[in-house]
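**Student:** model this:
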Amino acid sequence: QLQLLESGGGLVQPGGSLTLSCAASGVSLDWYAIAWFRQARGKEREGVSAISKAGDTHYIDSVKDRFTISRNNAENTVYLRMINLTPEDTGIYFCAAQHAMKHWNIAYSTFRGYDDWGQGTQVTVSP
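**Tutor:** Modelled structure (predicted):
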């Protein structure tokens, strides 16, 4: 069974940077798209960035040119590099997996069909 574990969150000042990691165990990520979601206090969870099993990437407008998603299948890990962070980026960041065969008719970039989730890592951007 696929298990996901996020790490790398923390407290950072505005303009700072963080790199989040999503480490998978139990199953190879080769057939999965991976997405990062975040949830701010009092707000709905939103998809932030996603990477297909082939390495195609997608970002929401508010993080384009600031966030970079990447994957290392040999390490079974997906990363989210975040720079120029603002207080609006504060929230719990979750990674989630979409199996490419199970959800063959759902584009990875829609942030739908992500069935396996990690427990999240807190990112706080504050002076």
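**Student:** residue contacts, residue 96?
**Tutor:** Applying C-beta atoms under 8 Å, 6 or more residues apart in numbering to residue 96 gives the contacts 4, 34-37, 114-118. For the C-beta atoms, the positions are set from N, CA and C on the backbone; glycine is no exception.
**Student:** which one of these is nearest to residue 25?
**Tutor:** Each of those was scored against residue 25 by C-beta to C-beta, and residue 4 proved nearest at 8.1 Å.
**Student:** whatever helix or strand the closest one lives in packs against which elements?
**Tutor:** For residue 4, the element it lies in under DSSP states H and E is strand 3-7. Where contact means 3 or more C-beta pairs under 8 Å, 6 or more residues apart in numbering; DSSP states H and E, strand 3-7 is packed against strand 18-25, strand 91-99, strand 116-117.
**Student:** please name the bridge partners of the residue most central in space within the chain.
**Tutor:** The chain has residue 36 as the residue nearest its centroid, 1.9 Å off, counting by C-alpha atoms, centre = their mean. In this entry, residue 36 is beta-bridged to residue 49, residue 95, by DSSP bridges.
**Student:** thanks a lot, see you next time.
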